[in-house]
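Novice: Based on what follows, work out the 3D shape:
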Amino acid sequence: MTSSSSPSWSERFVVRDGVRLSCRDWGRPGDRGEQGDRSEHGGFGGDVLLLHGLAGHAGEWDETARLLRDSGHRVVALDQRGHGGSDRNPSDGDVSRAAYVADVVAVIEQLGLDRPVLIGQSLGGSTALLTAAAHPELPRALVLVEAGPDGAKPGVQEQICSWLRAWPVPFPSRAAAVAYLGGGTDAVGEGWAGGLEERADGLWPRFDPEVMVRSLDENATRAFWDEWTALTCPTLVVLGQGEHGGIIGAEEYAEMVRRQPALHGTSLPGTGHDVHLEQPGVLHRLILDFFADGGSACARAGGTGAA
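Specialist: Numbers count the residues shown, from 1 in each chain. Got it, this is the predicted structure:
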């Protein structure tokens, strides 16, 4: 099923085991008569699948998606199960890591994506990582934004639940939502506010906090180093490096490099966890450079500018 939702993208639905998943299909420039910069469509090229983080939504990627599409790529952004326009409470009740991965496989197959580059932020990066490890034949490359294999962080679910339940919903206006959710950064606030739905009494999240917490069950109890070590596709890691920092510590990153010596990594000064919202243009350039030549234009792990 396809319905026009924007002059720039179309909403498409994928159904897997009774769970409906909503996708923003940006197509590619030739689909709409636009002229993309094909000179930047080197290296990996081809299709891209974008995966948002916990409590997020596909629209967070709009600026990056537009830039990638205009650079000649076919781009799809997925509302992962429990989020956004996808089923808020999956009928099968399954929000395991395996369910998220199976959804990605279904989207790739049903939308006809040809060995897409998987790009994920935070929990979406975890989904991308696990998909690439379990199905090495599917992705052409992997881009992780503020995401890594570490886990087993005691109390993470309680912390996330407390944060989500503290939201002063309904927000009376978009401006109020931007101010609260952005933490002083308008771009971040706008990105988060874009995922809210308007009701008669104000703006509400398009997710169930309990579902979000259950989505972290495995991340809270184990790490994914075996899956990280199993990766065979070229991989770029982009980390925030600002006042509030990111979530990948120096020890974790060093271990990531040790297990994947060919890893390409870079950090962006002045950014936090929502790199894709704070610096979409810079992120786009890093991704294109990585596509062009396998990452040699990006700082190699442990080199200048690396995390």
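
Novice: Quick one: residues contacting Val105.
Specialist: By Cβ atoms under 8 Å, 6 or more residues apart in numbering, the contact list for Val105 reads 131, 135, 138. Placement of C-beta: from N, CA and C, glycine included.

Novice: And for Val76?
Specialist: 12, 23-26, 47-50, 107, 111, 113, 116.

Novice: can you rerun that using 6 Å?
Specialist: Val76 is in contact with 23, 25, 49, counting by Cβ atoms under 6 Å, 6 or more residues apart in numbering.

Novice: where along this protein do the strands fall?
Specialist: Secondary structure of the chain, counting by DSSP state E: strands at 2-4, 10-16, 19-27, 47-51, 74-78, 117-121, 141-145, 197-199, 202-204, 235-241, 264-269.

Novice: which stretch among the ones you listed comes nearest Ser86?
Specialist: strand 19-27 (4.7 Å; Cβ to Cβ).

Novice: Indicate each strand paired with the closest one and its parallel or antiparallel sense.
Specialist: Strand pairing for strand 19-27, determined by DSSP bridges: strand 10-16 (antiparallel), strand 74-78 (antiparallel).

Novice: circling back to that earlier point, most neighbours, which of the contacts of Val105?
Specialist: For these, the largest neighbour count, defined by other Cβ atoms under 10 Å, is 26 neighbours, found at Thr131.

Novice: contacting residues for it?
Specialist: Contacts of Thr131 by Cβ under 6 Å, 6+ apart are 101, 104.

Novice: Kindly report the same for Met212.
Specialist: 54-55.

Novice: hmm, try it at 8 Å
Specialist: 54-55, 82, 160-161, 164 are the contacts of Met212 under Cβ under 8 Å, 6+ apart.

Novice: Also Gln121?
Specialist: Contacts of Gln121 by Cβ under 8 Å, 6+ apart are 51-53, 56, 60, 145-147, 274-276.

Novice: try 10 Å
Specialist: 50-54, 56, 60-61, 64, 128, 143-147, 238, 273-277, 283 (Cβ atoms under 10 Å, 6 or more residues apart in numbering).

Novice: okay, now the nearest residue to Ala230 once chain neighbours are set aside: neighbour count?
Specialist: Distance criterion Cβ to Cβ, 6 or more residues apart in numbering; nearest residue to Ala230, sequence neighbours excluded, is Ala133 at 4.6 Å. Counted with other Cβ under 10 Å, the neighbours of Ala133 add up to 21.
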